[in-house]
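K.L.:
Return a 3D structure for these sequence lines:
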Amino acid sequence: MPETALVLRSTRVVTPQGTRAASVTVKDGTIDAVLPYGAQVPAGVRLADLGDDVLLPGLVDTHVHVNDPGRTEWEGFWTATRAAAAGGITTLVDMPLNSLPPTTTTAHLATKRAVARGKAHIDVGFWGGAVPGNAKDLRPLHDAGVFGFKCFLSPSGVDEFPEVDQEQLALALGEIAGFDGLLIVHAEDPGHLAAAPAPHGSKYADFLASRPRISEDDAIAGLIGLARRLHARVHVLHLSSGDALPLIAAAKREGVRITVETCPHFLTLTAEEVPDGATEFKCCPPIREAANRDALWAGLADGTIDCIVSDHSPSTADLKTADFGAAWGGISSLQLGLPAIWTEARGRGHSLDEVARWMATAPAALVGLGRKGAIEPGRDADFAVLAPEETFTVDPQALQHRNKITAYAGKTLHGVVRSTWLRGRRINDGATLADPTGELLERTQRA
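P.N.:
Residues are numbered from 1 along each chain as shown. From the prediction side, this is the model:
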(Lines give C-alpha, C1' and ligand atoms only; values in the text may rest on other atoms or scores of the structure.)
Protein backbone atom coordinates (compact mmCIF):
# COMPACT_ATOMS: atom_id res chain seq x y z
CA MET A 1 0.00 0.00 0.00
CA PRO A 2 1.38 3.48 -0.85
CA GLU A 3 1.86 5.97 1.93
CA THR A 4 -1.54 7.36 2.96
CA ALA A 5 -2.75 10.04 5.31
CA LEU A 6 -6.18 8.60 6.02
CA VAL A 7 -8.26 5.45 5.71
CA LEU A 8 -12.06 5.51 5.92
CA ARG A 9 -13.58 2.10 6.60
CA SER A 10 -17.25 1.14 6.36
CA THR A 11 -19.33 -1.97 5.87
CA ARG A 12 -21.26 0.04 3.25
CA VAL A 13 -19.24 2.07 0.74
CA VAL A 14 -21.15 3.29 -2.34
CA THR A 15 -18.90 2.91 -5.40
CA PRO A 16 -19.64 2.94 -9.14
CA GLN A 17 -19.53 -0.89 -9.00
CA GLY A 18 -22.09 -1.04 -6.20
CA THR A 19 -22.19 -0.89 -2.42
CA ARG A 20 -19.72 -3.08 -0.55
CA ALA A 21 -17.63 -3.26 2.59
CA ALA A 22 -14.37 -1.47 1.89
CA SER A 23 -11.49 0.63 3.12
CA VAL A 24 -10.93 3.86 1.19
CA THR A 25 -7.40 5.23 1.32
CA VAL A 26 -6.76 8.94 0.90
CA LYS A 27 -3.50 10.63 -0.05
CA ASP A 28 -3.00 14.36 -0.59
CA GLY A 29 -6.74 14.98 -0.72
CA THR A 30 -7.34 12.34 -3.40
CA ILE A 31 -8.81 8.84 -3.24
CA ASP A 32 -5.79 6.58 -3.64
CA ALA A 33 -7.45 3.16 -3.54
CA VAL A 34 -10.63 1.31 -2.65
CA LEU A 35 -9.45 -1.81 -0.83
CA PRO A 36 -11.08 -4.79 0.85
CA TYR A 37 -12.68 -4.01 4.19
CA GLY A 38 -10.05 -5.91 6.16
CA ALA A 39 -7.00 -4.35 4.48
CA GLN A 40 -4.25 -3.59 6.97
CA VAL A 41 -3.94 0.04 7.98
CA PRO A 42 -0.28 1.17 7.88
CA ALA A 43 1.27 2.26 11.16
CA GLY A 44 0.77 5.94 11.84
CA VAL A 45 -2.10 6.34 9.39
CA ARG A 46 -5.33 7.79 10.79
CA LEU A 47 -8.28 5.40 10.61
CA ALA A 48 -11.87 6.67 10.52
CA ASP A 49 -13.96 3.57 11.25
CA LEU A 50 -17.51 4.41 10.23
CA GLY A 51 -19.03 1.10 11.31
CA ASP A 52 -22.28 0.46 9.42
CA ASP A 53 -22.81 4.09 8.42
CA VAL A 54 -22.82 4.49 4.65
CA LEU A 55 -19.91 6.21 2.91
CA LEU A 56 -21.29 8.14 -0.07
CA PRO A 57 -19.51 10.38 -2.55
CA GLY A 58 -19.90 14.03 -1.59
CA LEU A 59 -23.00 15.42 -3.27
CA VAL A 60 -22.72 17.92 -6.13
CA ASP A 61 -25.48 20.54 -6.28
CA THR A 62 -25.42 22.45 -9.56
CA HIS A 63 -28.44 24.67 -8.83
CA VAL A 64 -27.99 26.99 -5.85
CA HIS A 65 -28.97 30.66 -5.51
CA VAL A 66 -26.43 32.07 -3.05
CA ASN A 67 -27.60 35.69 -3.65
CA ASP A 68 -24.21 37.14 -2.70
CA PRO A 69 -23.32 40.01 -3.09
CA GLY A 70 -26.26 42.38 -3.18
CA ARG A 71 -28.94 40.29 -1.50
CA THR A 72 -26.81 38.74 1.21
CA GLU A 73 -29.66 39.17 3.70
CA TRP A 74 -31.35 36.39 1.69
CA GLU A 75 -28.41 33.96 1.99
CA GLY A 76 -24.64 34.39 1.35
CA PHE A 77 -21.62 32.17 0.70
CA TRP A 78 -20.82 31.64 4.38
CA THR A 79 -24.27 30.40 5.35
CA ALA A 80 -25.08 28.58 2.08
CA THR A 81 -21.91 26.54 2.13
CA ARG A 82 -22.32 25.72 5.83
CA ALA A 83 -25.83 24.45 5.10
CA ALA A 84 -24.54 22.47 2.13
CA ALA A 85 -21.82 20.87 4.23
CA ALA A 86 -24.37 19.92 6.89
CA GLY A 87 -26.39 18.19 4.15
CA GLY A 88 -23.54 16.13 2.69
CA ILE A 89 -22.89 18.47 -0.27
CA THR A 90 -19.22 19.10 -1.06
CA THR A 91 -19.55 21.07 -4.32
CA LEU A 92 -22.12 23.62 -5.47
CA VAL A 93 -22.46 25.76 -8.57
CA ASP A 94 -23.91 29.21 -7.93
CA MET A 95 -26.67 30.62 -10.13
CA PRO A 96 -25.99 33.91 -11.92
CA LEU A 97 -29.04 35.79 -10.64
CA ASN A 98 -30.45 37.18 -7.41
CA SER A 99 -27.00 38.53 -6.65
CA LEU A 100 -26.21 42.15 -7.47
CA PRO A 101 -24.55 42.33 -9.90
CA PRO A 102 -25.74 39.24 -11.82
CA THR A 103 -23.00 37.09 -13.38
CA THR A 104 -23.48 38.35 -16.94
CA THR A 105 -20.00 39.80 -17.63
CA THR A 106 -16.46 38.84 -16.68
CA ALA A 107 -16.28 41.92 -14.43
CA HIS A 108 -19.36 40.75 -12.56
CA LEU A 109 -17.87 37.25 -12.29
CA ALA A 110 -14.72 38.74 -10.76
CA THR A 111 -16.88 40.59 -8.23
CA LYS A 112 -18.69 37.39 -7.30
CA ARG A 113 -15.44 35.44 -6.89
CA ALA A 114 -13.93 38.18 -4.73
CA VAL A 115 -16.92 38.01 -2.39
CA ALA A 116 -16.91 34.20 -2.24
CA ARG A 117 -13.18 33.83 -1.62
CA GLY A 118 -12.49 32.92 1.99
CA LYS A 119 -16.17 32.28 2.81
CA ALA A 120 -16.69 28.90 1.14
CA HIS A 121 -16.83 25.83 3.38
CA ILE A 122 -17.17 23.62 0.29
CA ASP A 123 -15.99 23.90 -3.32
CA VAL A 124 -17.89 26.49 -5.36
CA GLY A 125 -18.23 27.09 -9.10
CA PHE A 126 -20.25 29.63 -11.05
CA TRP A 127 -22.77 29.74 -13.87
CA GLY A 128 -22.84 32.68 -16.25
CA GLY A 129 -26.03 34.36 -17.42
CA ALA A 130 -27.48 34.75 -20.91
CA VAL A 131 -29.70 37.84 -21.05
CA PRO A 132 -30.81 40.19 -23.83
CA GLY A 133 -27.83 42.10 -25.22
CA ASN A 134 -24.94 40.13 -23.69
CA ALA A 135 -24.16 37.66 -26.50
CA LYS A 136 -20.73 39.31 -26.83
CA ASP A 137 -20.00 38.47 -23.18
CA LEU A 138 -20.67 34.74 -23.43
CA ARG A 139 -17.35 33.55 -24.85
CA PRO A 140 -15.30 35.72 -22.46
CA LEU A 141 -17.29 34.28 -19.54
CA HIS A 142 -16.69 30.77 -20.90
CA ASP A 143 -12.96 31.47 -21.19
CA ALA A 144 -13.01 32.84 -17.63
CA GLY A 145 -14.24 29.47 -16.34
CA VAL A 146 -18.02 29.54 -15.87
CA PHE A 147 -19.62 26.12 -16.24
CA GLY A 148 -22.32 27.25 -18.66
CA PHE A 149 -25.04 29.85 -19.07
CA LYS A 150 -28.52 30.23 -17.62
CA CYS A 151 -31.43 31.92 -19.33
CA PHE A 152 -35.12 32.38 -18.61
CA LEU A 153 -37.87 32.08 -21.21
CA SER A 154 -40.32 33.84 -18.87
CA PRO A 155 -39.76 36.62 -16.31
CA SER A 156 -37.16 35.69 -13.68
CA GLY A 157 -38.66 37.70 -10.84
CA VAL A 158 -35.79 40.21 -10.72
CA ASP A 159 -35.48 43.13 -13.13
CA GLU A 160 -31.70 42.90 -13.55
CA PHE A 161 -31.94 39.42 -15.12
CA PRO A 162 -34.58 39.68 -17.89
CA GLU A 163 -35.89 36.79 -19.93
CA VAL A 164 -34.91 36.15 -23.56
CA ASP A 165 -37.38 35.96 -26.44
CA GLN A 166 -37.09 33.31 -29.14
CA GLU A 167 -34.82 35.42 -31.35
CA GLN A 168 -32.52 36.20 -28.42
CA LEU A 169 -32.55 32.55 -27.35
CA ALA A 170 -31.44 31.44 -30.82
CA LEU A 171 -28.71 34.10 -30.88
CA ALA A 172 -27.36 33.06 -27.45
CA LEU A 173 -27.54 29.33 -28.15
CA GLY A 174 -25.84 29.77 -31.52
CA GLU A 175 -23.00 31.65 -29.84
CA ILE A 176 -22.68 29.05 -27.06
CA ALA A 177 -22.78 26.16 -29.55
CA GLY A 178 -19.81 27.76 -31.32
CA PHE A 179 -17.55 26.88 -28.37
CA ASP A 180 -19.54 23.76 -27.34
CA GLY A 181 -20.77 25.39 -24.16
CA LEU A 182 -23.86 24.48 -22.16
CA LEU A 183 -27.09 26.49 -21.97
CA ILE A 184 -29.30 25.76 -18.95
CA VAL A 185 -32.87 26.93 -19.32
CA HIS A 186 -35.77 27.91 -17.09
CA ALA A 187 -38.33 26.56 -19.54
CA GLU A 188 -41.81 28.05 -19.08
CA ASP A 189 -43.56 29.57 -22.07
CA PRO A 190 -44.53 33.20 -21.36
CA GLY A 191 -47.56 33.05 -23.66
CA HIS A 192 -49.15 30.22 -21.70
CA LEU A 193 -48.36 31.97 -18.41
CA ALA A 194 -49.95 35.19 -19.65
CA ALA A 195 -53.08 33.29 -20.73
CA ALA A 196 -53.45 31.50 -17.39
CA PRO A 197 -55.31 33.03 -14.43
CA ALA A 198 -53.12 35.47 -12.56
CA PRO A 199 -51.83 34.12 -9.21
CA HIS A 200 -53.61 35.68 -6.25
CA GLY A 201 -54.69 35.03 -2.73
CA SER A 202 -53.90 32.34 -0.22
CA LYS A 203 -55.18 29.20 -2.01
CA TYR A 204 -52.47 27.00 -3.48
CA ALA A 205 -54.85 25.64 -6.14
CA ASP A 206 -55.15 29.15 -7.59
CA PHE A 207 -51.38 29.52 -7.75
CA LEU A 208 -51.01 26.09 -9.35
CA ALA A 209 -53.51 27.07 -12.05
CA SER A 210 -51.34 30.09 -12.90
CA ARG A 211 -48.38 27.85 -13.93
CA PRO A 212 -49.94 25.14 -16.15
CA ARG A 213 -47.93 22.11 -17.26
CA ILE A 214 -48.33 23.08 -20.90
CA SER A 215 -46.14 26.13 -20.27
CA GLU A 216 -43.26 23.78 -19.50
CA ASP A 217 -44.15 21.24 -22.17
CA ASP A 218 -44.26 23.74 -25.05
CA ALA A 219 -41.15 25.59 -23.90
CA ILE A 220 -39.22 22.31 -23.76
CA ALA A 221 -40.52 21.30 -27.20
CA GLY A 222 -39.22 24.55 -28.66
CA LEU A 223 -35.89 24.16 -26.90
CA ILE A 224 -35.50 20.64 -28.28
CA GLY A 225 -36.16 21.89 -31.80
CA LEU A 226 -33.57 24.64 -31.48
CA ALA A 227 -30.97 22.31 -29.94
CA ARG A 228 -31.58 19.82 -32.75
CA ARG A 229 -31.09 22.49 -35.42
CA LEU A 230 -27.93 23.95 -33.87
CA HIS A 231 -26.55 20.65 -32.53
CA ALA A 232 -26.22 22.50 -29.23
CA ARG A 233 -26.00 21.31 -25.62
CA VAL A 234 -29.03 22.26 -23.55
CA HIS A 235 -30.14 21.41 -20.03
CA VAL A 236 -33.69 21.72 -18.68
CA LEU A 237 -33.77 23.17 -15.19
CA HIS A 238 -36.10 22.08 -12.37
CA LEU A 239 -38.48 19.93 -14.42
CA SER A 240 -41.86 19.76 -12.68
CA SER A 241 -44.17 18.58 -15.48
CA GLY A 242 -44.33 14.83 -15.93
CA ASP A 243 -46.17 15.43 -19.23
CA ALA A 244 -42.89 16.57 -20.83
CA LEU A 245 -41.12 13.26 -20.20
CA PRO A 246 -42.14 11.40 -23.40
CA LEU A 247 -40.98 14.36 -25.50
CA ILE A 248 -37.64 14.48 -23.71
CA ALA A 249 -37.15 10.71 -23.94
CA ALA A 250 -37.80 10.80 -27.68
CA ALA A 251 -35.33 13.65 -28.14
CA LYS A 252 -32.66 11.72 -26.26
CA ARG A 253 -33.22 8.62 -28.40
CA GLU A 254 -32.87 10.79 -31.48
CA GLY A 255 -29.51 12.11 -30.27
CA VAL A 256 -30.52 15.63 -29.29
CA ARG A 257 -27.95 16.85 -26.76
CA ILE A 258 -30.36 17.44 -23.89
CA THR A 259 -30.11 16.70 -20.17
CA VAL A 260 -32.71 17.26 -17.46
CA GLU A 261 -32.81 17.86 -13.73
CA THR A 262 -35.55 17.82 -11.15
CA CYS A 263 -35.60 18.82 -7.50
CA PRO A 264 -36.32 17.30 -4.09
CA HIS A 265 -39.51 19.31 -3.62
CA PHE A 266 -41.03 17.98 -6.85
CA LEU A 267 -40.17 14.41 -5.82
CA THR A 268 -41.22 14.54 -2.16
CA LEU A 269 -43.99 17.14 -1.80
CA THR A 270 -47.42 17.33 -3.44
CA ALA A 271 -49.93 20.05 -4.26
CA GLU A 272 -52.57 18.21 -2.24
CA GLU A 273 -50.67 18.75 1.01
CA VAL A 274 -49.97 22.50 0.70
CA PRO A 275 -52.04 24.44 3.27
CA ASP A 276 -53.66 27.76 2.41
CA GLY A 277 -51.20 30.62 2.85
CA ALA A 278 -48.17 28.32 3.15
CA THR A 279 -45.98 30.17 0.68
CA GLU A 280 -42.88 28.37 1.90
CA PHE A 281 -44.10 25.81 -0.69
CA LYS A 282 -44.19 28.37 -3.54
CA CYS A 283 -41.73 27.90 -6.39
CA CYS A 284 -41.76 28.35 -10.15
CA PRO A 285 -42.50 26.00 -11.83
CA PRO A 286 -44.74 24.73 -9.04
CA ILE A 287 -45.05 21.62 -6.93
CA ARG A 288 -47.73 19.57 -8.70
CA GLU A 289 -50.09 16.72 -7.85
CA ALA A 290 -49.15 13.31 -6.45
CA ALA A 291 -49.71 11.56 -9.79
CA ASN A 292 -47.29 13.97 -11.43
CA ARG A 293 -44.74 13.18 -8.70
CA ASP A 294 -45.05 9.50 -9.58
CA ALA A 295 -44.33 10.32 -13.24
CA LEU A 296 -41.15 12.18 -12.26
CA TRP A 297 -39.94 9.19 -10.26
CA ALA A 298 -40.58 6.99 -13.30
CA GLY A 299 -38.54 9.43 -15.39
CA LEU A 300 -35.65 9.13 -12.96
CA ALA A 301 -35.86 5.36 -12.96
CA ASP A 302 -35.72 5.07 -16.75
CA GLY A 303 -32.99 7.69 -17.22
CA THR A 304 -35.08 10.40 -18.87
CA ILE A 305 -34.26 12.68 -15.92
CA ASP A 306 -30.52 12.80 -15.28
CA CYS A 307 -30.04 14.34 -11.87
CA ILE A 308 -31.55 15.82 -8.71
CA VAL A 309 -30.42 19.25 -7.48
CA SER A 310 -31.86 21.62 -4.92
CA ASP A 311 -32.81 24.88 -6.68
CA HIS A 312 -32.19 26.38 -3.25
CA SER A 313 -33.76 29.83 -3.63
CA PRO A 314 -34.13 31.47 -0.22
CA SER A 315 -35.50 34.83 0.79
CA THR A 316 -36.15 36.82 3.91
CA ALA A 317 -39.27 35.98 5.90
CA ASP A 318 -41.05 39.23 5.00
CA LEU A 319 -41.09 38.19 1.31
CA LYS A 320 -42.99 35.00 2.13
CA THR A 321 -46.37 36.66 2.62
CA ALA A 322 -49.52 34.55 2.77
CA ASP A 323 -50.52 35.71 -0.74
CA PHE A 324 -49.26 33.24 -3.37
CA GLY A 325 -49.38 35.98 -5.98
CA ALA A 326 -47.15 38.39 -4.05
CA ALA A 327 -44.82 36.02 -2.15
CA TRP A 328 -41.28 35.29 -3.32
CA GLY A 329 -41.10 31.99 -5.20
CA GLY A 330 -38.34 29.76 -3.92
CA ILE A 331 -37.80 26.79 -1.63
CA SER A 332 -34.95 26.47 0.86
CA SER A 333 -33.75 22.87 0.93
CA LEU A 334 -29.97 22.90 0.61
CA GLN A 335 -29.36 21.09 3.89
CA LEU A 336 -32.29 18.68 3.56
CA GLY A 337 -32.13 17.34 0.00
CA LEU A 338 -30.36 14.07 0.77
CA PRO A 339 -32.63 12.90 3.61
CA ALA A 340 -35.74 14.14 1.81
CA ILE A 341 -34.87 12.20 -1.33
CA TRP A 342 -33.72 9.12 0.59
CA THR A 343 -36.95 9.07 2.60
CA GLU A 344 -39.03 8.95 -0.58
CA ALA A 345 -36.61 6.78 -2.58
CA ARG A 346 -36.41 4.00 0.02
CA GLY A 347 -40.19 3.78 0.11
CA ARG A 348 -40.23 3.34 -3.66
CA GLY A 349 -37.61 0.58 -3.67
CA HIS A 350 -34.65 2.67 -4.83
CA SER A 351 -31.15 2.24 -3.44
CA LEU A 352 -28.51 4.62 -2.15
CA ASP A 353 -26.46 3.64 -5.20
CA GLU A 354 -29.14 5.30 -7.33
CA VAL A 355 -29.37 8.32 -5.03
CA ALA A 356 -25.60 8.78 -5.30
CA ARG A 357 -25.83 8.63 -9.08
CA TRP A 358 -28.64 11.18 -9.21
CA MET A 359 -27.20 13.60 -6.64
CA ALA A 360 -23.42 13.25 -7.06
CA THR A 361 -22.23 11.44 -10.18
CA ALA A 362 -24.66 12.89 -12.73
CA PRO A 363 -24.45 16.54 -11.59
CA ALA A 364 -20.64 16.31 -11.59
CA ALA A 365 -20.74 14.92 -15.13
CA LEU A 366 -23.14 17.67 -16.22
CA VAL A 367 -20.57 20.37 -15.49
CA GLY A 368 -17.48 18.33 -16.39
CA LEU A 369 -16.09 17.88 -12.88
CA GLY A 370 -14.43 14.53 -13.48
CA ARG A 371 -12.73 14.53 -10.07
CA LYS A 372 -16.05 14.80 -8.24
CA GLY A 373 -19.08 12.61 -7.77
CA ALA A 374 -17.83 9.05 -7.16
CA ILE A 375 -15.71 6.97 -4.80
CA GLU A 376 -12.94 5.61 -6.99
CA PRO A 377 -9.17 6.16 -7.31
CA GLY A 378 -8.16 9.52 -8.73
CA ARG A 379 -11.26 11.39 -7.57
CA ASP A 380 -11.25 14.04 -4.87
CA ALA A 381 -11.69 12.55 -1.41
CA ASP A 382 -15.12 14.17 -0.96
CA PHE A 383 -17.53 12.11 1.14
CA ALA A 384 -20.86 12.18 2.93
CA VAL A 385 -21.36 9.76 5.82
CA LEU A 386 -25.02 8.82 6.24
CA ALA A 387 -26.94 6.84 8.85
CA PRO A 388 -29.75 5.80 6.51
CA GLU A 389 -31.96 4.00 9.02
CA GLU A 390 -32.01 6.84 11.56
CA THR A 391 -34.74 9.49 11.50
CA PHE A 392 -35.05 13.09 12.59
CA THR A 393 -37.78 15.72 12.62
CA VAL A 394 -36.98 18.92 10.73
CA ASP A 395 -36.60 21.88 13.08
CA PRO A 396 -36.12 25.06 11.03
CA GLN A 397 -34.10 26.66 13.81
CA ALA A 398 -31.52 23.88 13.54
CA LEU A 399 -30.79 24.66 9.87
CA GLN A 400 -27.66 26.47 8.77
CA HIS A 401 -29.52 28.56 6.14
CA ARG A 402 -29.49 32.29 6.90
CA ASN A 403 -33.30 32.43 6.94
CA LYS A 404 -35.00 29.60 8.82
CA ILE A 405 -37.81 28.99 6.35
CA THR A 406 -38.47 25.57 4.85
CA ALA A 407 -41.33 23.59 3.35
CA TYR A 408 -40.02 20.56 5.27
CA ALA A 409 -40.67 21.97 8.75
CA GLY A 410 -42.02 19.28 11.07
CA LYS A 411 -41.47 16.42 8.63
CA THR A 412 -39.78 13.25 9.88
CA LEU A 413 -37.06 12.17 7.46
CA HIS A 414 -34.84 9.12 7.14
CA GLY A 415 -31.09 9.63 6.85
CA VAL A 416 -28.90 11.52 9.29
CA VAL A 417 -25.73 13.04 7.84
CA ARG A 418 -23.05 12.09 10.36
CA SER A 419 -20.15 13.92 8.73
CA THR A 420 -18.97 15.52 5.49
CA TRP A 421 -15.42 15.39 4.13
CA LEU A 422 -13.76 17.67 1.57
CA ARG A 423 -10.53 16.38 -0.01
CA GLY A 424 -9.93 14.14 3.01
CA ARG A 425 -10.67 16.76 5.65
CA ARG A 426 -13.77 16.47 7.84
CA ILE A 427 -15.68 19.75 7.43
CA ASN A 428 -18.85 18.74 9.25
CA ASP A 429 -19.50 16.36 12.12
CA GLY A 430 -22.86 17.61 13.29
CA ALA A 431 -21.65 21.20 13.47
CA THR A 432 -19.84 22.75 10.52
CA LEU A 433 -16.23 23.51 11.36
CA ALA A 434 -15.42 27.20 11.59
CA ASP A 435 -12.62 27.67 9.06
CA PRO A 436 -13.74 27.56 5.40
CA THR A 437 -11.45 25.51 3.13
CA GLY A 438 -13.47 25.31 -0.08
CA GLU A 439 -11.91 26.13 -3.43
CA LEU A 440 -13.36 28.36 -6.15
CA LEU A 441 -13.62 26.09 -9.17
CA GLU A 442 -13.38 26.93 -12.85
CA ARG A 443 -14.64 24.93 -15.77
CA THR A 444 -11.11 23.99 -16.82
CA GLN A 445 -10.12 22.91 -13.31
CA ARG A 446 -10.35 19.41 -11.84
CA ALA A 447 -11.89 18.01 -15.01
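K.L.:
What ranges in the protein fall below the confidence cut-off?
P.N.:
By pLDDT under 70, the weakly predicted segments of the chain are 1-4, 432, 434, 445-447.
K.L.:
If we ignore the residues flanking it in sequence, what's nearest the residue positioned nearest the centre of it?
P.N.:
The centroid of the chain falls nearest to Val309 when counting by C-alpha atoms, centre = their mean (2.7 Å). Once flanking residues are discounted, Val309 sits nearest to His63: 4.0 Å by C-beta to C-beta, 6 or more residues apart in numbering. (C-beta placed from N, C-alpha, C; glycine too.)
K.L.:
Could you check how far stretch 114-130 is from the centre of its chain?
P.N.:
Relative to the chain's own centre, stretch 114-130 is displaced by 14 Å; criterion: C-alpha atoms, centre = their mean, to the nearest Å.
K.L.:
quick one, helices of the stretch 51-200 of the chain?
P.N.:
Secondary structure of the stretch 51-200 of the chain, counting by DSSP state H, counting those that start in this stretch: helices at 77-86, 106-116, 135-143, 166-178, 190-195.
K.L.:
So for Glu439, which of these sits nearest?
P.N.:
helix 106-116 (10.3 Å; C-beta to C-beta).
K.L.:
so who does the nearest residue to Ala327 once chain neighbours are set aside touch?
P.N.:
Spatial nearest neighbour of Ala327, excluding adjacent residues (C-beta to C-beta, 6+ apart): Thr279 at 3.7 Å. Shown in contact with Thr279 (C-beta atoms under 8 Å, 6 or more residues apart in numbering): 320-324, 327-328.
K.L.:
Of those, which is the most crowded?
P.N.:
Using other C-beta atoms under 10 Å as the neighbour criterion, Phe324 leads these with 26 neighbours.
K.L.:
Would you confirm that it contacts Gly201?
P.N.:
Yes - between Phe324 and Gly201 a contact is recorded at 6.6 Å, counting by C-beta atoms under 8 Å.
K.L.:
what's near enough to touch Ser419?
P.N.:
Residues near Ser419 by C-beta under 8 Å, 6+ apart: 383-385, 426, 428-430.
K.L.:
typed the wrong thing, it's Ala80
P.N.:
Residues near Ala80 by C-beta under 8 Å, 6+ apart: 64, 66, 68, 92, 312, 334, 401-402.
K.L.:
Quick check: of the residues you listed, which lies closest to Val185?
P.N.:
Closest to Val185, out of all of these and judged by C-beta to C-beta, is Val64, at 17.1 Å.
K.L.:
And for that closest one, the neighbour number?
P.N.:
Val64 has 25 nearby residues by other C-beta under 10 Å.
K.L.:
Could you report the distance from it to Ala209?
P.N.:
Taking C-beta to C-beta, to the nearest Å as the measure, Val64 falls 29 Å from Ala209.
K.L.:
Look up which residues are beta-bridged to the residue nearest to Leu141 when sequence neighbours are not counted.
P.N.:
Leaving aside its sequence neighbours, Leu141 sits nearest to Gly128 (C-beta to C-beta, 6+ apart; 3.9 Å). Taking DSSP bridges as the rule, Gly128 bridges to Phe149.
K.L.:
OK, contacts around Gly128?
P.N.:
Neighbours of Gly128 in contact, by C-beta under 8 Å, 6+ apart: 96, 103-104, 109, 137-138, 141-142, 146, 148-150.
K.L.:
Using neighbour counts, trim those to the buried set.
P.N.:
96, 103-104, 109, 137-138, 141-142, 146, 148-150 (16 or more other C-beta atoms under 10 Å).
K.L.:
Switch those over to TSV; also include distance to His238.
P.N.:
Output for those, formatted as TSV (distance: C-beta to C-beta, whole Å):
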residue	distance to His238
Pro96	15
Thr103	19
Thr104	20
Leu109	23
Asp137	25
Leu138	22
Leu141	22
His142	23
Val146	19
Gly148	15
Phe149	16
Lys150	11
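K.L.:
what's around Arg12, how many residues?
P.N.:
With other C-beta under 10 Å as criterion, Arg12 counts 18.
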